[in-house]
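Model the structure of this input:
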Amino acid sequence: MTDITIANSNTKLAASVYGPPTATPILFLHGISLSRDTWEEIAQRLSSTYCVWTLDFRGHGHSERSSRYELADYVSDAEAALAAIGQPAIVVGHSLGGCVAGVLAQTPYPMVRAVFLSDPPWYWGKAGEAARTSIPKLFAIISAKQAAWQKENAPLATYQAFLANAPSPMGGIASDHTSPRHLLSHASALQRQDNRCWENAASGEILATIATDREFRCPAKIIQGDPRCGAALLDDQVVQLANANPRAEIVQYRGCGHAPYRMIAFEQRLFGDLENFILRHRSS
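Numbering: from 1, shown residues only. This next block holds a predicted model:
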């Protein structure tokens, strides 16, 4: 694995590259408050066969902070990474990263071969849609605590304890469903993240520019978590998504929360679905 810096205009972005540089490239995009480190397990597993790129969006991880955190800015970060890759890539995105990948897939963008979207909050930009889930309330709690902890320079253990003991919509607490490594990764990301990234996130306003009725122009697979367990993509929204994208494959993970790739009970299933998708589209 090699860490690199990508320039997006005046913003320096951190990225990591795994595997053979001449192999089929795969770009991974994280969700809000996470970082490229969240993809470590998957990146390692794919690196013997593919060239895996993981990116820190602006204001996250080791990337520079910015004066703006609009969806278009995150899309431009992904475009900068794709330009650095220099050939068509499969783009994998979770949550916010899934929305970014979806927007890229809506245009005949030559650098995107196919997209794999993990529980994207695709309809949150529509009035009242974000509030139908439990996630905005969680965002408000996290952003408030983060602001206070960053101000007092709280230790990493403070973030870890909060995340590990948070009630889970899947039942019990987060540490019942998420590995210690992933909790550490998220804690580190929260400690580094620019708190201003949360502006317009909980309301869904940041996603208001998504044309949800526009079809994806490349192969797409969408993984939906279970709305009863904290998923961002709701069942009736899946129907809308399928109607707008009749060629897309949509798979529902019942009993799973918002981040299946981080869920102990679902990470193997997610990896299997992702690997099969990559095998089908690495030469398309």
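
Do you have the helices of the stretch 151-284 of the chain handy? List them.
Ranges of helices in the stretch 151-284 of the chain, per DSSP state H, counting those that start in this stretch, are 156-165, 180-192, 235-244, 267-281.

Any chance of the ones you listed in CSV with mean pLDDT as columns?
As requested, the helices of the stretch 151-284 of the chain are arranged in CSV below (pLDDT from 0 to 100):
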stretch, mean pLDDT
helix 156-165, 97
helix 180-192, 97
helix 235-244, 96
helix 267-281, 96
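
Determine which of those helices approaches G125 most closely.
Closest to G125 of the helices of the stretch 151-284 of the chain is helix 235-244 (CB to CB; 11.7 Å). Placement of C-beta: from N, CA and C, glycine included.

For the closest one, buried residues please.
Using 16 or more other CB atoms under 10 Å as the burial criterion, the residues of helix 235-244 that qualify are Q237, V238, L241, A244.

And for stretch 72-80?
For stretch 72-80, burial by neighbour count (16+ other CB under 10 Å) applies to D73, Y74, V75, S76, D77, A78, E79, A80.

what residues are up against the first one?
Shown here is D73, whose contacts under the criterion CB atoms under 8 Å, 6 or more residues apart in numbering are R58, S66.

can you check the second one too?
With contact taken as CB under 8 Å, 6+ apart, Y74 is in contact with F57, R58, L96, V100.

The residues you listed into TSV, with extra columns for neighbour count, distance to K137 and pLDDT?
Supplementary listing: the contacts of Y74 in TSV, determined by neighbours: other CB atoms under 10 Å; distance: CB to CB, whole Å; pLDDT from 0 to 100:
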residue	neighbour count	distance to K137	pLDDT
F57	30	23	98
R58	25	25	98
L96	26	17	97
V100	30	24	98
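
so where's the protein shaky on pLDDT?
For the chain, the stretches flagged by pLDDT under 70 are 284.
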